[in-house]
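Participant: Mind looking at a prediction? Sequence and model below.
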Amino acid sequence: MMGEGHLGRGLEQVLPSAFGNMFKAARFATEGANTLRGDPIIGEVNAWNVGAEFFGFLPADYARQLEISNHLKGIDKYVSTKETKLLRKYYTARRFADFDEQQDAREDLQALFRKHPGLGNLSEVINNSMASHQKTTSRMIHGVTFNPKLESELRRRGAEME
């Protein structure tokens with residue numbers, strides 16, 4: 001953290017707990033309970049919360065909010081990862097004309113999209129994903145893709161190395 005410009009947060013981590021808690025309590029009192037970007041985790045931090053943190057007790061409302069946020073983020077990550085894997089499975093099956101595997105992937109995607117309607121329209125997502133996969137495949141160089149901004153430079157360097 002210190003190497004990334006967060007000296008105070010880094011000190012909180014490396015100091016013995018008793019001293020780190022004091023620094024964290026001071027930060028809560030002056031800045032509030034915020035993310036590294038400065039976004040609030042909870043609203044007002046009252047004197048009771050600052051005092052609790054000073055003595056090494058995580059304020060209950062802060063701890064509860066962290067717990068809720070971690071739980072919800074876990075769901076978000078699980079659903080996103082599952083969607084990505086199923087779309088990859090669908091694309092690969094389609095590419096190799098494995099219609100049974102393609103149908104299995106589509107059924108799994110339908111179940112996921114029914115459970116999480118916020119994912120959008122399945123047909124549109126599949127079409128966009130297939131277009132994206134095809135674009136990525138067309139940009140592959142010996143099985144890897146590069147940042148488009150660096151691609152020409154890296155192609156040139158690769159040619160020099162061959």
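Facilitator: Sure, I can see it.
Participant: Tell me the spacing between the residue most central in space within the chain and Ala47.
Facilitator: Of all residues in the chain, the one closest to the mean position by Cα atoms, centre = their mean is Lys77, 6.7 Å from it. Using Cβ to Cβ, to the nearest Å, one gets 36 Å for the distance from Lys77 to Ala47. For glycine as for every other residue, the C-beta is placed from the backbone atoms N, C-alpha and C.
Participant: same check, this time on Tyr90
Facilitator: Counting by Cβ to Cβ - Tyr90 and Ala47 are separated by 55 Å.
Participant: and the chain, what are its domains?
Facilitator: According to automatic domain parsing, the chain comprises the domains 2-58, 72-161.
Participant: mind listing what's buried in the helix or strand bottoming out on mean pLDDT in the chain?
Facilitator: Here the helix or strand of the chain ranked lowest by mean pLDDT, DSSP states H and E is helix 7-14, holding a mean of 84. For helix 7-14, the neighbour count (16 or more other Cβ atoms under 10 Å) marks 9, 12 as buried.
Participant: counting contacts, what elements does it pack onto?
Facilitator: helix 17-31 (3 or more Cβ pairs under 8 Å, 6 or more residues apart in numbering; DSSP states H and E).
Participant: Tell me the first helix or strand C-terminal of the helix it packs on.
Facilitator: Using DSSP states H and E, the helix or strand that follows helix 17-31 towards the C-terminus is helix 47-54.
Participant: Contacts for that following helix next, please.
Facilitator: By Cβ atoms under 8 Å, 6 or more residues apart in numbering, the residues outside helix 47-54 that reach it are 21-22, 24-25, 28-29, 33, 58-59, 61-62.
Participant: ok, back up a step: which of the domains of the chain sits closest to Leu66?
Facilitator: domain 2-58 (7.0 Å; Cβ to Cβ).
Participant: Between the two ends of that closest one, how far is it?
Facilitator: The straight-line separation of the ends of domain 2-58 (Cα to Cα, to the nearest Å) is 23 Å.
Participant: which residue sits closest to Asp108 in space, ignoring its chain neighbours?
Facilitator: Take Asp108 and drop its neighbours on the chain: the residue closest to it by Cβ to Cβ, 6 or more residues apart in numbering is Leu86, 5.2 Å away.
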